[in-house]
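Trainee: Structure of the sequence below:
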Amino acid sequence: MLAVDALNEIGFWLERSSAPSFKVGAFRKAARIIAPLSPEELADRTRSGRLTSMKGIGGRTAEVITQAVSGQVPDYLADLRERNTDPLTTGGAELLAQLRGDLHAHSEWSDGSTTIEQMLHGAELLGREYLALTDHSPNLTIANGLSAERLTEQLAVVADINAAGGPVRLLTGIEVDILESGELDQSPQMLDRLDVVVASVHSKLRSDRATMTERMLGAIRTPRTNVLGHCTGRLVQGSRGTRPQSEFDAAAVFAACAENDVAVEINSRPERQDPPDDLMRLALDAGCLFSIDTDAHAPGQLDYLAYGAERAERNGVPADRIITTWPADRLLDWARG
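Mentor: Sure, this is the predicted structure:
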């Protein structure tokens, strides 16, 4: 196999198992370093022992490259594949098998760690039919949110990727900030150019109940909103610490989602698990649709869909109410309608 592919796949499996970011980054960096080299030059550097003289190539990554160049599946990769044969969770397998795509994923265009192409390759490894690219909107400057100009550039890149063909359909999208006014942080004209719009609150999460409710209702009632992202904003574990859920009138918010045909996201990230079980059941009783998404910021995190499927199944969410079980054409007809 190609050494670049081996290094990137190692990154994928490490991300899937929530390995430390510095460890994942070492393999991703090594892949970027050797990518410009011709096969002949890479083989020559391997034979002469000059790999480790390249800044960013250490002993482990050099070993992986050497074994790949010699025609082997690197031992380190083979071990990771074997250790990752089991699903991330034992529950929700039946529902997981029905999920066709993922409507919430980030690339290095905002705060993701890899290229669009690498995210797409991760979706391909997992057998997804479609993946929505939903980088952040400009208000979230800490996440390098996309201005209208940068988003326009990204749309052209996505068009080129889809024109080249491939097993996974890349959908255009955005995770747009819900501003304090309840408006969406991107022009209606730009939003109309996208396949999928995920609207999320990222700031002032401790606002009072009435303020947060009105803010969320404003976004839900905006015709171009398709999915309400990680509705409580809570964090229950992980390197960023914990954060309590936002306070809002959940009955009013979910009634508005049902009335305006906005799907409630079941965010699959282990640190979010959002919405909590009680709110998921409330949204189900309100007649809401759901979207099981990963909110992935790296390719290996795309497999987190299993966590969302497990929680949805445990709370009795039927597959026909989950839009990510739908074929792409049906999904897009719904989103644009």
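Trainee: Give me the buried stretch members for stretch 110-123, please.
Mentor: For stretch 110-123, the neighbour count (16 or more other CB atoms under 10 Å) marks Ser110, Gly112, Ser113, Thr114, Thr115, Ile116, Gln118, Met119, Leu120, His121, Gly122, Ala123 as buried. In short, each C-beta sits where N, CA and C put it, glycine included.
Trainee: farthest pair in these?
Mentor: Spatially, the most separated pair among the buried residues of stretch 110-123 is Ser110 and His121, at 18.8 Å (CB to CB).
Trainee: residue furthest from the geometric center of this structure?
Mentor: The outermost residue of the chain relative to its centre, with distances by CA atoms, centre = their mean, is Ser48 at 40.4 Å.
Trainee: Do you know the pLDDT at that one?
Mentor: Looking at Ser48, its pLDDT stands at 94.
Trainee: do the same with Asp86
Mentor: So, for Asp86, pLDDT stands at 89.
Trainee: now it: how far from Ser203?
Mentor: Distance of Asp86 to Ser203, given as CB to CB, to the nearest Å: 39 Å.
Trainee: where in the protein is pLDDT low?
Mentor: The model of the chain has no residue with pLDDT under 70.
Trainee: Please parse it into its domains.
Mentor: 3-83, 93-336 (automatic domain parsing).
Trainee: Comparing the ones you listed, which comes out most buried?
Mentor: domain 93-336 (a mean of 20; mean count of other CB atoms under 10 Å).
Trainee: What's the end-to-end length of that one?
Mentor: 30 Å (CA to CA, to the nearest Å).
Trainee: now it: how far from the chain's centre is it?
Mentor: Centroid separation for domain 93-336 versus its chain: 8 Å, with CA atoms, centre = their mean, to the nearest Å.
Trainee: With stretch 6-15 instead?
Mentor: How far stretch 6-15 lies from its chain's middle: 16 Å, per CA atoms, centre = their mean.
Trainee: in the protein, which spans are helices?
Mentor: 3-16, 21-34, 39-48, 59-69, 75-83, 93-96, 116-125, 148-163, 188-191, 209-220, 250-259, 277-285, 305-314, 328-336 (DSSP state H).
Trainee: what packs against the third one?
Mentor: When you say that, I think you mean helix 39-48. Using 3 or more CB pairs under 8 Å, 6 or more residues apart in numbering; DSSP states H and E as the contact test, the elements touching helix 39-48 are helix 59-69.
Trainee: which residues touch the helix it packs on?
Mentor: Here helix 59-69 makes contact (CB atoms under 8 Å, 6 or more residues apart in numbering) with 1-3, 5-7, 10, 26-27, 30, 34, 42-43, 46, 51-52, 57, 73-77.
Trainee: Endpoints of stretch 234-244, how far apart?
Mentor: End-to-end distance for stretch 234-244, by CA to CA: 5 Å.
Trainee: same question, stretch 289-299
Mentor: End to end - CA to CA - stretch 289-299 spans 26 Å.
Trainee: what's the answer for stretch 224-235, then?
Mentor: End-to-end for stretch 224-235, by CA to CA: 27 Å.
Trainee: Same check on stretch 288-295?
Mentor: Taking CA to CA, stretch 288-295 runs 20 Å from one end to the other.
Trainee: ok, and what's touching it?
Mentor: Outside stretch 288-295, the residues touching it (CB under 8 Å, 6+ apart) are 99, 102-106, 198, 227, 229-230, 254, 257-258, 261-269, 272, 283-284, 301-305, 308-309, 312, 317, 321-324.
Trainee: let's go with 6 Å and repeat that
Mentor: When contacts are defined by CB atoms under 6 Å, 6 or more residues apart in numbering, stretch 288-295 is touched by residues 102-104, 227, 254, 257-258, 263-269, 301-302, 304-305, 308, 312, 317, 321-324.
Trainee: what about stretch 66-80, distance to the chain center?
Mentor: 28 Å.
Trainee: Please renumber the chain so that the first residue is 19 from this point on.
Mentor: With the count now opening at 19, the last piece we talked about shows up as stretch 84-98.
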